[in-house]
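Novice: sequence unknown, structure follows:
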């Protein structure tokens, strides 16, 4: 399965996120899964790439012209370079069969919200999994629930994605 993994490329995040992700990523890439990602080599994104390559899995990188230099630090079977972030997100979704979100910054949030809205609009029907590692997404999930409860968004939004609080739950949803 081609899995898009959205996550932080920052090296400034707490090391606990890197440590917590190791087990899950090892399990994902022990299976016959390939990676679709933003092409970065730092932070969680770098860890995702490293573990994927250690298991000799396919890597598909999608980036923008502004970040094309990041591709120099990785080896991928396919590379796509687009001009705009919105095009990048659209292509990341198109190239994947499932979407998994680990902790990340504004880029990850943009990818997640775009995926939720596109799936809500029936543009695709792929699984979206949010790994709420150490409660990272608690506030966002609370806000999304508030949007539904107060009528700002369809109550179906909770059926658009799943929230996994443990690595085992992520693996169950991926299977």
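Specialist: Received the coordinates, thanks. Just so it is clear, the model here is predicted, and its values are computed rather than measured.

Novice: Name the residues that touch stretch 1-13?
Specialist: 17, 21, 28, 31-38, 40-46, 48, 58, 60, 70, 92-93, 95-105, 107-108, 111-112, 174 (C-beta atoms under 8 Å, 6 or more residues apart in numbering). From N, CA and C alone the C-beta is placed, and that goes for glycine too.

Novice: Ok, stretch 113-129 next?
Specialist: 86, 89-90, 93, 96-101, 112, 144, 154, 156-157, 160-164, 170, 173-174.

Novice: And residue 65, how far from residue 88?
Specialist: 10 Å (C-beta to C-beta, to the nearest Å).

Novice: And the two? Which one has more around it.
Specialist: Counted by other C-beta atoms under 10 Å, residue 65 and residue 88 do not tie: residue 88 has more neighbours, with 23 against 11.

Novice: Could you check which helix or strand contains that one?
Specialist: Applying DSSP states H and E as the criterion places residue 88 in helix 85-95.

Novice: Could you do residue 39 as well?
Specialist: Residue 39 belongs to no helix or strand, assigned by DSSP H and E.

Novice: Please enumerate the strands of the chain.
Specialist: Under the criterion DSSP state E, strands of the chain are mapped to 2-6, 34-37, 59-64, 78-82, 98-101, 128-131, 162-164.

Novice: quick revisit: please enumerate the shared neighbours of residue 65 and residue 88.
Specialist: Joint contacts of residue 65 and residue 88 (C-beta under 8 Å, 6+ apart) are residue 82.

Novice: For this protein, which segments count as helices?
Specialist: Using DSSP state H, the helices of the chain run over 15-30, 43-54, 85-95, 106-120, 138-149, 167-174.

Novice: Find the one among these with the highest mean neighbour count.
Specialist: helix 43-54 (a mean of 21; mean count of other C-beta atoms under 10 Å).

Novice: Can you name the residues in contact with it?
Specialist: So helix 43-54 is in contact with 5, 7-13, 17-18, 21-22, 25-26, 29, 34-35, 37-38, 40-41, 59, 74-75, 102-104, going by C-beta under 8 Å, 6+ apart.

Novice: what angle separates that helix from helix 15-30?
Specialist: Helix 43-54 runs at 30 degrees relative to helix 15-30, counting by axes from the mean of the first three to the mean of the last three C-alpha atoms, to 10 degrees.

Novice: avg pLDDT for helix 43-54?
Specialist: The pLDDT scores in helix 43-54 average 96.

Novice: Perfect, I'm done here.
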